[in-house]
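J.: sequence below, structure please.
(one chain, ligands or ions: 2)
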Amino acid sequence: MTDDALDQMAILAGALPFLKRYDDQIVVVKYGGHAMGEEETALRFGRDIALLEQVGVNPVVVHGGGPQINAMLKRLNVKSTFVQGLRVTDAEMLDVVEMVLAGPVNKQVAEAITRAGAMAVGISGKDGGLIRARKLTRTVRDPGSNIEQVLDLGFVGEPEEVNPRVLELMIGADIVPVVAPVGVGADGQTYNINADTVAGAIAGKLRAERLLMLTDVRGVLDREGKLIPEMTVAEVRRGIEEGWISGGMIPKVETCIYAVERGVKGAVILDGRVPHAVLLELFTDGGAGTLIKP
Ligand SMILES: Nc1ncnc2c1ncn2[C@@H]1O[C@H](COP(=O)(O)OP(=O)(O)O)[C@@H](O)[C@H]1O
Ligand SMILES: CC(=O)N[C@@H](CCC(=O)OP(=O)(O)O)C(=O)O
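T.: Ligands and ions are numbered 1, 2, ... in the order given. Here you go, the predicted model:
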């Protein structure tokens, strides 16, 4: 038996009460591009997801791939800009985004889970009508003049409607869905959607037991840099107002709030680079990151 499998067994040894809680429940896992790291990290993630499936949990994986898109853009010598953490996406950029997300990244994640003994199938939000998207509009207010300006991010979208049918069929057939964050408008236009947003929308629609957001920080940290194990929605809102929850953490906690307000029992932000982060979060008392509850 490999060291990795022994570690999995050690975590499972004390997991009986948790296994009951999650039996036949849906757990949506957002696997961020930064959390993917080296090939071995992806394979280890695959083994954990396969194990979840094998012990009776129904995992649904939504992956990102920002760094992987950046690597391809560098090879193609195409420049990319971000506004409020979102990639400005013209028609040429959209081709690259869809090619990378629905191509190698999606297949790598599905293959890692399949190799570990579960059957995973990669789809994008365009498959089976999963995500109907619309163009995202964002505004900024100029602090000097107080004038509001509408930003044009091109083909950046947001989910307008999630049709969970394809996911339900896959889950019913013991297939682990692996979703690339691309959607399609009513007119057939493809949209690039932030992966956190897609994970939140899917978790909300499926009323998942848990939404796990794997990133490359330990969770939400307080002003002293200490990990906060649990927060209510009100405490998160206060953190944003007071400014110690900022930058890339804001869309993440907002996604968690969106999900728990739609019936997800708990949303967790945790460090995907920690070995077996998913298992530790679900199957141990202390959990692994920051749990956000209603
Ligand atoms: N209170 C906080 N706790 C943890 N991280 C925070 C906090 N406030 C801001 N951040 C920032 O949020 C970042 C995480 O967001 P981001 O880098 O966008 O993640 P990802 O690439 O996984 O989507 C952290 O690296 C950190 O710089
Ligand atoms: C609109 C937008 O910004 N879309 C993202 C989609 C991928 C993503 O969200 O990946 P991570 O989770 O790894 O950051 C992008 O183009 O990078």
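
J.: got the residues of the stretch 1-150 of the chain near ligand 1?
T.: Gly32, His34 (Cβ under 6 Å from any ligand atom). Heads up, the C-betas are built off the backbone N, CA and C, glycines and all.

J.: helices of this structure, start to end?
T.: 3-13, 16-22, 33-36, 39-54, 66-76, 91-100, 106-115, 165-172, 195-206, 233-242, 249-261, 277-283 (DSSP state H).

J.: who does Thr290 form a beta bridge with?
T.: For Thr290, the beta-bridge partners are Ile269 (DSSP bridges).

J.: in the protein, which residue sits furthest out from the middle?
T.: Residue farthest from the centre of the chain, counting by Cα atoms, centre = their mean, is Ser145 at 37.0 Å.

J.: next up, the contacts around that one.
T.: Shown in contact with Ser145 (Cβ atoms under 8 Å, 6 or more residues apart in numbering): no residues.

J.: what's the answer for Asn192, then?
T.: Arg87, Thr89, Met93, Leu94, Val97, Glu98, Phe155, Val156, Gly157, Pro181, Val182.

J.: ok, back up a step: want to throw the helices of the chain into a markdown table with mean neighbour count and mean pLDDT?
T.: Formatted as a markdown table, the helices of the chain follow (neighbours: other Cβ atoms under 10 Å; pLDDT from 0 to 100):
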| stretch | mean neighbour count | mean pLDDT |
| --- | --- | --- |
| helix 3-13 | 13 | 85 |
| helix 16-22 | 13 | 84 |
| helix 33-36 | 21 | 88 |
| helix 39-54 | 20 | 94 |
| helix 66-76 | 15 | 97 |
| helix 91-100 | 17 | 98 |
| helix 106-115 | 21 | 97 |
| helix 165-172 | 16 | 98 |
| helix 195-206 | 27 | 97 |
| helix 233-242 | 14 | 94 |
| helix 249-261 | 21 | 93 |
| helix 277-283 | 24 | 92 |
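
J.: do you know how far the nearest residue to Val253 once chain neighbours are set aside is from Glu209?
T.: Once flanking residues are discounted, Val253 sits nearest to Val236: 4.9 Å by Cβ to Cβ, 6 or more residues apart in numbering. From Val236 over to Glu209 the distance is 20 Å, taken as Cβ to Cβ, to the nearest Å.

J.: enumerate every residue touching the residue in the stretch 151-294 of the chain positioned nearest to ligand 2.
T.: Nearest residue of the stretch 151-294 of the chain to ligand 2 (Cβ to the nearest ligand atom) works out as Ala195 at 3.4 Å. Contacts for Ala195 (Cβ under 8 Å, 6+ apart) come out as Lys30, Gly32, Gly33, Val62, His63, Gly64, Gly65, Gly66, Pro181.

J.: re earlier: most widely separated two among the contacts of Asn192?
T.: Distances among the contacts of Asn192 were taken as Cβ to Cβ; the most separated pair is Met93 and Pro181, at 14.5 Å.

J.: residues in contact with the closest residue to Met99 other than its chain neighbours?
T.: Among residues not flanking Met99 along the chain, Met72 sits closest, at 7.5 Å (Cβ to Cβ, 6+ apart). Counting by Cβ under 8 Å, 6+ apart, Met72 makes contact with Val96, Met99, Val100.

J.: mind putting the contacts of Asn192 into a markdown table with distance to Thr81?
T.: Shown next, in a markdown table, are these (distance: Cβ to Cβ, whole Å):
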| residue | distance to Thr81 |
| --- | --- |
| Arg87 | 8 |
| Thr89 | 10 |
| Met93 | 10 |
| Leu94 | 14 |
| Val97 | 13 |
| Glu98 | 18 |
| Phe155 | 14 |
| Val156 | 12 |
| Gly157 | 17 |
| Pro181 | 19 |
| Val182 | 20 |
